[in-house]
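# based on what follows, work out the 3D shape:
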Amino acid sequence: MKRTLIVVLLSLFFVPLAQAQLGVKAGLNVAELSGREGESSSYKAFYHIGAFYQANLLGPISIQPEVQYSVQGGKLKSAFTNYDTQLHYLTVPILAKVSLGPVFVEAGPQFGLLLTASESGKVQVDLAPDGAPAYGNVSRPATGSFKRGDFSVVGGVGVNLAAGFSLGARLVAGLNDVSDVKNLSGINDPRLQNRVFQFYGAFQLGR
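Numbers count the residues shown, from 1 in each chain. All right, here's what the predicted structure looks like:
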């Protein structure tokens, strides 16, 4: 995954910048981690910031690579656990974009590289002498509990406003399991996927 992400980042520079419209963006992430048996997931609010350029290809069709710092995660709860997870990613969406007047739709893949992760709340901390799980309230780093790479698909819509501003909304659906816990069972089975609703504002130079 790391090698793929590096190749993608380098490939962005093959689009001539003279034909591209550079921009910056920031907004709200409403994220959850879904798919773990025995625990219910719920959404939490985070944020993302980034930069992009839009390169025109043919008529209303363009390609828009981006680089973002994106905070994701969510709340997980069971009969024994109740904790929040924060995942800090460097993400690279590469989107095909179709503009229909001021309205646009966009879709494509997204590659993510996990930078850091943390957990806070009631989680399993150890095993009791009789082998039963022991729980406690903690606030701790958790980078080692998650895979460094994440692959998602992105779809969204937006509207271009005056003076280079735009507003948009996206769904980012993770496709791979991001948990890297190997030796636990039951409610700790390693099956977690990112799901993020993004709402953003962007400013584009030269439009």
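
# going forward, measure contacts and count neighbours with C-alpha atoms only.
OK.

# buried sites along stretch 103-121?
104-114, 116-121 (16 or more other CA atoms under 10 Å).

# and the strands in the chain, which stretches?
In the chain, the strands defined using DSSP state E lie at 20-34, 40-42, 44-58, 61-77, 82-100, 103-127, 133-141, 149-160, 165-174, 193-204.

# could you dump those to a markdown table with distance to Asp180?
Below are the strands of the chain laid out as a markdown table (distance: least, CA to CA, whole Å):
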| stretch | distance to Asp180 |
| --- | --- |
| strand 20-34 | 14 |
| strand 40-42 | 18 |
| strand 44-58 | 22 |
| strand 61-77 | 15 |
| strand 82-100 | 13 |
| strand 103-127 | 12 |
| strand 133-141 | 14 |
| strand 149-160 | 11 |
| strand 165-174 | 15 |
| strand 193-204 | 12 |
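
# any chance of the ones you listed in CSV, plus mean pLDDT?
Shown next, in CSV, are those (pLDDT from 0 to 100):
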stretch, mean pLDDT
strand 20-34, 93
strand 40-42, 90
strand 44-58, 95
strand 61-77, 96
strand 82-100, 96
strand 103-127, 93
strand 133-141, 88
strand 149-160, 97
strand 165-174, 97
strand 193-204, 97
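
# out of those strands, the one nearest Val181 is which?
With respect to Val181, and counting by CA to CA, the nearest of these is strand 103-127 at 12.5 Å.

# each with direction, which strands does the closest one pair with?
Strand pairing for strand 103-127, determined by DSSP bridges: strand 82-100 (antiparallel), strand 133-141 (antiparallel), strand 149-160 (antiparallel).
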